[in-house]
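Peer 1: Have a look at this fold, sequence not included:
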């Protein structure tokens with residue numbers, strides 16, 4: 001979809017298939033009408049508070065499982081680092097006892113140092129990873145539960161940022177939204193494959209699917 005301004009006054013959007021003469025018959029849509037459609041999308045998908053809470057609980061449970069696996073890996077790496085430290089001491093003892101030459105000592109020390117650096121780097125990734133994921137999910141859930149209110153109050157620049165964060169693509173057909181293609185993060189919240197009976201009970205909320 002592209003845009004043009006008619007008589008320097010009215011903004012319209014149109015299908016690029018028309019310009020490229022590919023037989024597209026979709027009608028032009030005024031910019032303000034398209035913007036209203038997008039606003040309605042945010043209104044339809046905005047998470048009710050009880051759904052936000054249930055989703056947050058679900059993700060926290062998944063993160064706890066992940067943290068359990070992370071702890072196990074951290075313990076494994078820590079044990080490996082302890083063994084490497086022991087190997088380093090034994091190498092020095094062997095060198096002082098003239099059991100190995102200097103060349104072998106240097107080669108093994110380089111190997112041990114490289115493995116220690118890899119282990120330390122992995123530990124840092126594991127620690128930061130869970131914290132970053134939790135912060136990102138909480139921020140995204142807050143956005144999803146206030147997206148319509150925030151979008152309607154936002155400047156055009158911020159609205160573009162919202163759209164880029166929430167959607168890969170918004171499909172328009174016959175001047176209506178026919179389909180929303182969510183980014184991978186927000187698909188976690190709005191995917192129709194979620195357990196609707198558990199998440200939606202009593203809320204009147206349906207993960208958004210738009211008909212023609």
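Peer 2: That came through fine. Quick caveat: nothing in here was measured; it's all calculated off a predicted structure. Residues are numbered from 1 along each chain as shown.

Peer 1: Identify the residue spatially nearest to the residue nearest the centre of the chain, adjacent ones excluded.
Peer 2: Closest residue to the average C-alpha location of the chain: residue 185 at 3.4 Å, with CA atoms, centre = their mean. Nearest residue to residue 185, sequence neighbours excluded (CB to CB, 6 or more residues apart in numbering): residue 140, at 5.5 Å. (Glycine included, C-beta is placed from N, CA and C.)

Peer 1: what's the burial count for that neighbour?
Peer 2: Applying other CB atoms under 10 Å, we find 19 residues neighbouring residue 140.

Peer 1: try the one 4 residues further on
Peer 2: Burial of residue 144, expressed as a neighbour count using other CB under 10 Å, amounts to 22.

Peer 1: Give the rounded mean pLDDT of the helix or strand where residue 139 lies.
Peer 2: Here residue 139 sits within helix 102-153, counting by DSSP states H and E. The average pLDDT for helix 102-153 rounds to 89.

Peer 1: helices or strands up against that helix?
Peer 2: Applying 3 or more CB pairs under 8 Å, 6 or more residues apart in numbering; DSSP states H and E, we find helix 102-153 packed against helix 31-45, helix 49-96, helix 156-166, helix 184-190.

Peer 1: Could you dump those helices into TSV with mean pLDDT and distance to residue 130 added?
Peer 2: Formatted as TSV, these follow (pLDDT from 0 to 100; distance: least, CB to CB, whole Å):
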stretch	mean pLDDT	distance to residue 130
helix 31-45	87	27
helix 49-96	90	6
helix 156-166	93	22
helix 184-190	87	16
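
Peer 1: Dump the ones you listed to a markdown table, plus distance to residue 134.
Peer 2: Listed next are the helices and strands packed on helix 102-153 as a markdown table, based on distance: least, CB to CB, whole Å:
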| stretch | distance to residue 134 |
| --- | --- |
| helix 31-45 | 23 |
| helix 49-96 | 6 |
| helix 156-166 | 18 |
| helix 184-190 | 13 |
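
Peer 1: what's the closest of the ones you listed to residue 177?
Peer 2: Closest approach to residue 177 among the helices and strands packed on helix 102-153 is made by helix 31-45 (5.3 Å; CB to CB).
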